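S.K.: can't give you the sequence, but here's the structure:
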């Protein structure tokens, strides 16, 4: 079984267990009032928020970064945290997933963490890796992990309440309300995806300010990651990863960057993605380089 399929299955199983728990409680609460259901939905989502860092670590196979094996990277990370203004550096983790990726996660209660995968370490040079880590530190500095985690619970709660009303209520007038709530949940999800893409630009800018290369190192890293992930069969899961764009082809990194600066992007390409399309990020980083 390849690593992408394993990751799919792990994430799907985690999602399934939580939703089966919600469904089970809904069946128990069928005779109860709507307010009781709302109360339990809020409690369940709060519990999910509290345990979300551990869910991430379980699904992405994260463990503490082996600083003895990569002392140069660990020292670079500590220096980067100091430049970024962290008095206490977020814990550096390594994710045992066979895809080049980096991500930030955590809550104020558990502390924040930055994770990288071993393929990312092997793919990027030190300056490019610094730019990627700077991007992830930007998410933590801007409190994106906390903000997006909390906001994401809103459409989740609305859809769960709509599910109860639609499938488990014997009152006909609740059906229309449920359909409207499903629609509202969908629209809010699209808005949150747009907000997530916007936050990525802030993190890109932050990286260009605290790492070397004035954004060029991040441009190179994004192209390398995207070129790698495009070689993974049926990799629709790339929307969750640091960068992906199907227009990256077999040419030099610098040629890719130049081509992507003028590449067009369809609105449908990124509508359901958490990250902006790669050409847009390349152009944004290029505008930063021109201002420096």
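M.R.: Sure thing, it's come through. Here the structure is a predicted model, which means the values were calculated and not measured.
S.K.: Please enumerate the helices of the stretch 151-292 of the chain.
M.R.: All helices of the stretch 151-292 of the chain, identified by DSSP state H, counting those that start in this stretch, fall at 173-210, 216-229, 253-261, 267-270, 278-291.
S.K.: Would you indicate which residues of the longest one are buried?
M.R.: For helix 173-210, burial by neighbour count (16 or more other C-beta atoms under 10 Å) applies to 174, 177-178, 181-182, 185, 188-189, 192-193, 196-197, 199-201, 203-208, 210. All C-beta atoms are positioned from the backbone trio N, CA, C, and that covers glycine.
S.K.: follow-up on the earlier one: in terms of mean pLDDT, which of the helices of the stretch 151-292 of the chain ranks lowest?
M.R.: Lowest mean pLDDT of these: helix 267-270, a mean of 82.
S.K.: which residues touch that one?
M.R.: 197, 276, 277, 280 (C-beta atoms under 8 Å, 6 or more residues apart in numbering).
S.K.: Pick the one among those residues closest to residue 266.
M.R.: For these, the residue nearest residue 266 by C-beta to C-beta is residue 277; the value is 8.4 Å.
S.K.: roughly how far apart are the closest one and residue 264?
M.R.: When distance is defined by C-beta to C-beta, to the nearest Å, residue 277 is 10 Å away from residue 264.
S.K.: Pick out whichever of those two has more residues nearby.
M.R.: The neighbour count for residue 277 versus residue 264, taken as other C-beta atoms under 10 Å, is higher for residue 277 (23 against 8).
S.K.: Leaving out the residues flanking it, which one is nearest to the more buried one?
M.R.: residue 265 (4.2 Å; C-beta to C-beta, 6 or more residues apart in numbering).
S.K.: can you pull the contacts of the one you found?
M.R.: Here residue 265 is in contact with 277, 279, 280 (C-beta under 8 Å, 6+ apart).
S.K.: Could you do residue 104 as well?
M.R.: Per C-beta under 8 Å, 6+ apart, neighbours of residue 104: 90, 112, 113, 114, 115, 136, 137, 139, 140, 144, 145.
S.K.: one more time with 10 Å, if that's ok
M.R.: With contact set as C-beta atoms under 10 Å, 6 or more residues apart in numbering, residue 104 has these partners: 56, 90, 93, 112-115, 133, 135-141, 144-145, 203.
S.K.: Please apply the same query to residue 155.
M.R.: 181, 182, 184, 185, 186, 187, 188, 189, 190, 191, 192.
S.K.: any idea which of those is closest to residue 120?
M.R.: residue 192 (26.0 Å).
S.K.: measure the closest one to residue 152 for me?
M.R.: From residue 192 to residue 152 the distance is 6 Å (C-beta to C-beta).
S.K.: And residue 80, by the same measure?
M.R.: 28 Å.
S.K.: of the two, who's got more company?
M.R.: Taking other C-beta under 10 Å, residue 80 and residue 152 do not tie; residue 80 has more neighbours (23 against 18).
S.K.: The more buried one against residue 89, yeah?
M.R.: Yes. The pair residue 80 / residue 89 is scored as a contact, 8.6 Å apart, by C-beta atoms under 10 Å.
S.K.: Touching both of those two, which residues are there?
M.R.: In contact with both residue 80 and residue 89: 114, 137, using C-beta under 10 Å, 6+ apart.
S.K.: With respect to residue 119, which of the contacts of residue 155 is nearest?
M.R.: residue 192 (28.7 Å).
S.K.: what's near enough to touch that closest one?
M.R.: Residue 192 neighbours (C-beta under 10 Å, 6+ apart): 148, 151, 152, 154, 155, 274.
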